[in-house]
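Student: when you get a sec, could you give me coordinates for this:
(one chain, ligands or ions: 1)
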Amino acid sequence: MQKNTDLMEKIVSLCKRRGFIYQGSEIYGGLAGTWDYGPMGVELRHNIKQYFWDKFIKDREDVFGLSAAILMPARVWEASGHTESLVDPLIECKICHARIRADHADVIESHEAMHRKKKEEPAWTEPKNFNLLVSTQLGAVEGEASLAYLRGEITQGVQVNFKNIVDSMHPKLPFGIGQIGKAFRNEITPGNFLFRQREFEQMELQFYIKPTEEEGKKWFDYWKNFAMDWYLGLGFNKENLRFRQHESDELAHYAKEAWDIEYNSPFGGWKEAWGIHHRGDWDLRRHTEFSKTDMSYFDEETKERVFPYDIECSGGVDRAVLFVLLEAYTEDELGGEKRAYLKLSPKVAPIRVAVFPLLKNKPELVAKAREVYSMLKKEISNIHFDDNGNIGKRYRRQDEIGTPSCVTIDFDTLEDNTVTLRDRDTGEQERISIEDLVSKIKAQ
Ligand code: GAP
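Tutor: The predicted model follows:
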């Protein structure tokens, strides 16, 4: 597969041309760090989120779903440590975008040493007084408005609801709370398309366990491997994903231990896709202190109140979209012609199957194609009907948006109720009976 710096440009262009992703507020010159999802992109993103929701939440008996508000009072972010760690002058590492206090010479030195060890030459942005959190004022009357933040990580919506979940659902440890939603960060250097945005989406699990080192290790390993298996399930080659442990000077203020799942990107090599963090009891203790609400958990087994440890799985939805697109982009030659297509897994492809009448101007073919389309639609929701342009163009269009299968209704269909089923990757077509279509497509 092609992996070079042009690849990103090709993906950005394909995304715009085929209705996946557009620059945010483009007609006004664009708003840096924001992107809008078009009809194809929104389906791809939805499928990725649905796959997360199924595997991390719906299929499990020990995880609850949640959807918390984006707006949260300033006090939440004081408790979580996010305001405190972000009000000083920061410099940003131009290699890994780590932000470090400009006055912490020892931390800067050890960060530079870490890069030099990897044969990278450290470089920094100028110091800036920087607050990563995006703030807003709530309330109509000036002077009485209260400061609120758009959440900088979706995690805090879960942490502040820990007691609500315990009181309403009565779970036993270990148990998890999962969520998908938007987060906002005033990134100094948004860039690399969807990779670093100011408005982005996260999918997360906070998994609460008994607070012992032993349980911490067991569940950390479990979720690390679970997250990697999940990521591979999006259709990645094993060699393009790897684990990387955070060095002690990279750890976020809340983390006892952290590993990333990284993707081998065409824009500077290995890049973070997902984080697995051992947050210890940081959040629940801090919210107890700041809100004066006891966020401890009564363990029925030991008859003790404890602050559970939290093992966090945190993935960026948009980064998953970007890496899935980069991984899927393929160029080859088919029937003597060059083509570019997206080799998307059927699990995430925006359109699972496209149905065509061979000719648009033959009413009997169009009627039969509509009949097949309606039959398939009952079983497969993301299906598309297309009679625009010639059949070759329709195949190419579907290849480019990653549709795994195309069904064509031709004159033989009218005689014997068979259709052609075309495979995106090989371009090969097989003739099969209409009644076998659903099982054949679902088995792919
Ligand atoms: N709750 C933990 C947390 O937010 P993080 O490593 O800062 O940890 C988790 O973020 C994931 O969110 C990252 O692995 C990445 O996929 C995604 N992410 C973070 N910042 C992002 C940004 N500016 N644009 C797009 N995705 C981002």
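Student: enumerate every residue touching the closest residue to the ligand within the stretch 1-150 of the chain.
Tutor: Using C-beta to the nearest ligand atom, residue 33 is the residue of the stretch 1-150 of the chain that sits closest to the ligand, at 7.5 Å. Where C-beta positions appear, they are placed from N, C-alpha and C, glycine not excepted. Applying C-beta atoms under 8 Å, 6 or more residues apart in numbering, we find residue 33 in contact with 24, 187, 190, 196, 197, 198, 199.
Student: so which bits of stretch 15-31 are buried?
Tutor: Neighbour-count burial for stretch 15-31 flags 15, 18, 19, 20, 21, 22, 23, 24 (criterion: 16 or more other C-beta atoms under 10 Å).
Student: for the first one, helix, strand, or coil?
Tutor: In this case it means residue 15. Three-state assignment for residue 15 (DSSP: H, G, I helix; E, B strand; the rest coil): helix.
Student: please begin residue numbering at 3 from this point
Tutor: That works, and once the first residue is 3, the last one we named lands at residue 17.
Student: grab the nearest non-local neighbour of it.
Tutor: residue 23 (4.1 Å; C-beta to C-beta, 6 or more residues apart in numbering).
Student: same check, this time on the fourth one
Tutor: For residue 22, the nearest residue in space outside its immediate sequence neighbours is residue 43; the separation is 3.8 Å by C-beta to C-beta, 6+ apart.
Student: and the third one, by the same measure?
Tutor: Taking C-beta to C-beta, 6+ apart, and ignoring the residues beside it in sequence, residue 21 has residue 40 as its nearest neighbour in space, at 3.9 Å.
Student: what is the end-to-end distance of stretch 275-295?
Tutor: 34 Å (C-alpha to C-alpha, to the nearest Å).
Student: quick one: average confidence on it?
Tutor: On average, the pLDDT along stretch 275-295 is 98.
Student: chain center to that stretch: distance?
Tutor: 22 Å (C-alpha atoms, centre = their mean, to the nearest Å).
Student: what does stretch 226-237 give?
Tutor: That offset, for stretch 226-237, works out to 12 Å (C-alpha atoms, centre = their mean).
Student: okay, buried residues for it please.
Tutor: For stretch 226-237, the neighbour count (16+ other C-beta under 10 Å) marks 226, 228, 229, 230, 232, 233, 236, 237 as buried.
Student: which of these fall within helices?
Tutor: 226, 228, 229, 230, 232, 233 (DSSP state H).
Student: touching, the fifth one and residue 58? I think so.
Tutor: In other words, residue 232. Yes. Look at residue 232 against residue 58 with C-beta atoms under 8 Å: they come within range, at 7.4 Å.
Student: what about stretch 231-250, start to end distance?
Tutor: 26 Å.
Student: what sits closest to residue 285 if chain neighbours are left out?
Tutor: Nearest to residue 285 is residue 161, by C-beta to C-beta, 6+ apart, at 4.1 Å.
Student: isn't the one you found right up against residue 208?
Tutor: Yes. Between residue 161 and residue 208 there is a contact at 7.1 Å, judged by C-beta under 8 Å.
Student: more neighbours: which of the two?
Tutor: Using other C-beta atoms under 10 Å, the more surrounded residue of residue 161 and residue 208 is residue 208, with 28 against 24.
Student: next one: the closest residue to residue 302 other than its chain neighbours from residue 300, what distance?
Tutor: Among residues not flanking residue 302 along the chain, residue 174 sits closest, at 7.2 Å (C-beta to C-beta, 6+ apart). Distance of residue 174 to residue 300, given as C-beta to C-beta, to the nearest Å: 11 Å.
Student: neighbours of residue 136, how many?
Tutor: 17.
Student: and the contacts of stretch 353-370?
Tutor: With C-beta under 8 Å, 6+ apart as the criterion, stretch 353-370 contacts 42, 45, 348, 371, 374-375, 378, 382-390, 393, 396, 400, 403-413, 415-416, 443.
Student: average pLDDT across stretch 261-272?
Tutor: On average, stretch 261-272 scores 96.
Student: that one near the ligand at all?
Tutor: No. Using C-beta under 6 Å from any ligand atom, stretch 261-272 never reaches the ligand; the gap is at least 6.6 Å.
Student: now do the same end-to-end measure for that stretch.
Tutor: Stretch 261-272: ends 13 Å apart by C-alpha to C-alpha.
Student: give me the buried positions along it.
Tutor: Neighbour counts over stretch 261-272 (16+ other C-beta under 10 Å) mark 261, 262, 263, 264, 265, 266, 267, 268 as buried.
Student: get me the contact residues on the stretch 153-302 of the chain for the ligand.
Tutor: So the stretch 153-302 of the chain meets the ligand at 155, 157, 187, 189, 198-199, 202, 204, 206, 274-277 (C-beta under 6 Å from any ligand atom).
Student: ok, residue 257 - contacts?
Tutor: 248, 279, 280, 281, 282.
Student: most neighbours out of those residues, which is it?
Tutor: The member of the contacts of residue 257 that has the most neighbours, counting by other C-beta under 10 Å, is residue 279 with 26 neighbours.
Student: ok but residue 273 is inside a helix, no?
Tutor: No. Using three-state DSSP, the secondary structure at residue 273 is strand, not a helix.
Student: run a quick neighbour tally on it.
Tutor: Residue 273 sits with 20 neighbouring residues when counted by other C-beta under 10 Å.
Student: ditto for the one 10 residues further on
Tutor: Other residues lying near residue 283 total 18 when counted by other C-beta under 10 Å.
Student: confidence score at the closest residue to it other than its chain neighbours?
Tutor: In space, and not counting its chain neighbours, residue 283 is closest to residue 309: 3.8 Å by C-beta to C-beta, 6+ apart. For residue 309, the model assigns a pLDDT of 98.
Student: you'd agree residue 309 is up against residue 298?
Tutor: Yes. Between residue 309 and residue 298 there is a contact at 5.3 Å, judged by C-beta under 8 Å.
Student: which neighbours do the two have in common?
Tutor: Taking C-beta under 8 Å, 6+ apart as the criterion, residue 309 and residue 298 both touch 286, 290.
Student: distance of residue 376 relative to the ligand?
Tutor: 39 Å (C-beta to the nearest ligand atom, to the nearest Å).
Student: can you confirm that residue is in a helix?
Tutor: Yes. Checked against three-state DSSP, residue 376 lies within a helix.
Student: how many other residues sit next to it?
Tutor: Other residues near residue 376 number 12, with proximity taken as other C-beta under 10 Å.
Student: ok, it to residue 440 distance?
Tutor: Residue 376 is 12 Å from residue 440, by C-beta to C-beta.
Student: the single nearest residue of the chain relative to the ligand and residue 180, how far apart?
Tutor: In the chain, the residue found nearest to the ligand is residue 318; the distance is 2.4 Å by C-beta to the nearest ligand atom. Distance, residue 318 to residue 180, using C-beta to C-beta: 15 Å.
Student: right, and residue 243 touches residue 265 too?
Tutor: Yes. Using C-beta under 8 Å, residue 243 is in contact with residue 265, at 6.0 Å.
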